[in-house]
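Engineer: with the sequence up front, the predicted model follows.
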Number of protein chains: 2
Amino acid sequence: MAPSNIPDIVVGRLPIYLRTLAHIARGGQEVTSSYEMGEHLGISPAQIRKDLSHFGEFGKQGTGYNIEYLREQLRRILGVKQEWDVALIGAGAVGKAILRYDGFRGSGFRITAVFDNDPNKIGCKISQLDVIPAERMTSTIQQMGIRVTMLAIPAENAQRVAERLVEAGVEAILNYAPINVIVPPHVYVQHLDPVVALQHMTYYIAPKPTQALNPIISALDPREIGSDNIVHL
Amino acid sequence: MAPSNIPDIVVGRLPIYLRTLAHIARGGQEVTSSYEMGEHLGISPAQIRKDLSHFGEFGKQGTGYNIEYLREQLRRILGVKQEWDVALIGAGAVGKAILRYDGFRGSGFRITAVFDNDPNKIGCKISQLDVIPAERMTSTIQQMGIRVTMLAIPAENAQRVAERLVEAGVEAILNYAPINVIVPPHVYVQHLDPVVALQHMTYYIAPKPTQALNPIISALDPREIGSDNIVHL
DNA sequence: TAGATTGTTAATCGATTAACAATC
DNA sequence: TAGATTGTTAATCGATTAACAATC
């Protein structure tokens, strides 16, 4: 995972620190402490200080951290002081939501190309971007020098398309498809799967008798449930 | 995080195992091994066996795991043998994409209520669900006995709404807003933030001189970038 | 100054891995 | 049987925490 001597788990917390600092800054505050950040995150102050200490000294004893300065440093460390051009693969419901999502503003990413294989979508403008046919994906990505992509296509195509992305030179794939794509070690993949997140939580809130649970018709292969039986309202 | 003697990190891998088993089963296979699963996931076979051993013995020496049997066991452990009614808060672009997402089929979750505070959306049908006004959120959730929710609203409202959900009896919140909501210990929250995932990856693919990076106009407050400056093609 | 908070050390705690007996 | 693969143990490895000197 990491061509680096810094633990990946530490790297993974830095974006969360960055988000938390933005949140605290919104309240007009200029300085914060590892204690305050820890309260926002449910993380111990010691861990936050230890994590940051891998990269340098950013605080002042007795005072804490200047929020803007620490944000700048974290942006530099994470490589988001400049904006990355991002290609979005798939202009279905998920792809459209990604295009309309305003949370990317100021995050270091902007979507500059959208691809789809549906002839009905080709040429359509979504959030001011023309949908480009899948055939032109490789050439466009190479021409634009795009290294970061978001994959929002059906699971059955994800592995094949990911391989094409890697051939085109892509190094980071944010995968919305519910499948683990396998890529060479120099390529980074992150999965965003709501089902995984939900199932993680239901482990802890065990079904109780008095509660809203509906029997699954066929437990063994739920994909065979007819739309007549389970009505997705 | 865990009223349980099983490490949370282990619990978090179970849904991924479940997803991988579904994937292998799609190929028509009936049996798999910790080696095969590990290859799909980039996880060591020893870790998979160790994880599963926390919950029982599900395999056969020399043979491996019966896929359907192991899936059943994992569903039982994760509490998704029956379907959970899920309330979706927010019917904007993200909310709509969630409603249209078909990856929930057979996962143990089905969205049975959608709420929004936008008068223009109230009463509209999205994926056959009526959008319910926010005022009726608490009563509806309590009436339906809903314990699992997905939060797809702007960051500035997320904390306040999360608190109302907790008051209504909700125990699990899948948060799409880019903010850490703070909840009592008996409530579980998972964050799904594409920016966090992307920034995690850019750490490893450090900017190179020959590459598509665009200067940020105003580094200090990127939300002030005018749409004139950054052209979304 | 007194109080607060950092960065860092050492100790603790926990997770992963390697190895192997058991056994299908 | 021979080969394969589990479940488990013990060793290794790594992450978290507590504590504190330094210092703002």
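Structural biologist: Ah, there it is.
Engineer: now do the residue of chain A found nearest DNA strand D against residue A:33, distance only.
Structural biologist: At 2.1 Å from DNA strand D, residue A:62 is the closest residue in chain A, using Cβ to the nearest atom of the strand. Using the backbone N, CA and C atoms, a C-beta is placed for each residue, glycine as well. Remark: distance between residue A:62 and residue A:33 (Cβ to Cβ, to the nearest Å) = 10 Å.
Engineer: what do you get for residue A:84?
Structural biologist: From residue A:84 to residue A:33 the distance is 31 Å (Cβ to Cβ).
Engineer: of these two, who's got more company?
Structural biologist: Between residue A:84 and residue A:33, residue A:84 has the larger neighbour count (other Cβ atoms under 10 Å in any protein chain shown), namely 26 against 16.
Engineer: can you tell me how far the more buried one is from residue A:21?
Structural biologist: 20 Å.
Engineer: near DNA strand C, which residues of chain A are found?
Structural biologist: By Cβ under 7 Å from any atom of the strand, the residues of chain A that approach DNA strand C are A:33-35, A:45-46, A:49-50, A:52-53, A:57-65.
Engineer: buried subset of those residues?
Structural biologist: Using 16 or more other Cβ atoms under 10 Å in any protein chain shown as the burial test, the residues of chain A next to DNA strand C include A:33, A:34, A:49, A:52, A:58, A:59, A:64, A:65 as buried.
Engineer: from those, which is closest to residue A:186?
Structural biologist: The closest of these to residue A:186 turns out to be residue A:52 (Cβ to Cβ; 27.3 Å).
Engineer: hmm, residue A:69 and the closest one touching each other?
Structural biologist: No. Taking contacts as Cβ atoms under 8 Å, residue A:52 lies outside contact range of residue A:69: 11.9 Å.
Engineer: now do the shared contacts for these two.
Structural biologist: residue A:58 (Cβ atoms under 8 Å, 6 or more residues apart in numbering or on different chains).
Engineer: show me the beta-bridge partners of residue A:133.
Structural biologist: Here residue A:133 sits in beta bridges with residue A:116, as judged by DSSP bridges.
Engineer: mind checking how far it is from chain B?
Structural biologist: 15 Å (Cβ to the nearest Cβ, to the nearest Å).
Engineer: also residue A:161?
Structural biologist: Counting by Cβ to the nearest Cβ, the gap from residue A:161 to chain B is 16 Å.
Engineer: dump the residue contacts of that residue.
Structural biologist: Counted by Cβ under 8 Å, 6+ apart, residue A:161 has contacts A:89, A:151, A:153.
Engineer: quick one: contacts of the top helix by length along chain A?
Structural biologist: When chain A is parsed with DSSP state H, its longest helix is helix A:8-26. For helix A:8-26, contacts defined as Cβ under 8 Å, 6+ apart pick out A:1-2, A:4, A:32, A:36-37, A:40-41, A:43, A:48, A:51-52, A:54, A:67-68, A:70-71, A:74-75, A:77-78, B:155, B:178-180, B:193, B:195-197, B:199-200, B:203-204.
Engineer: noted, bye for now.
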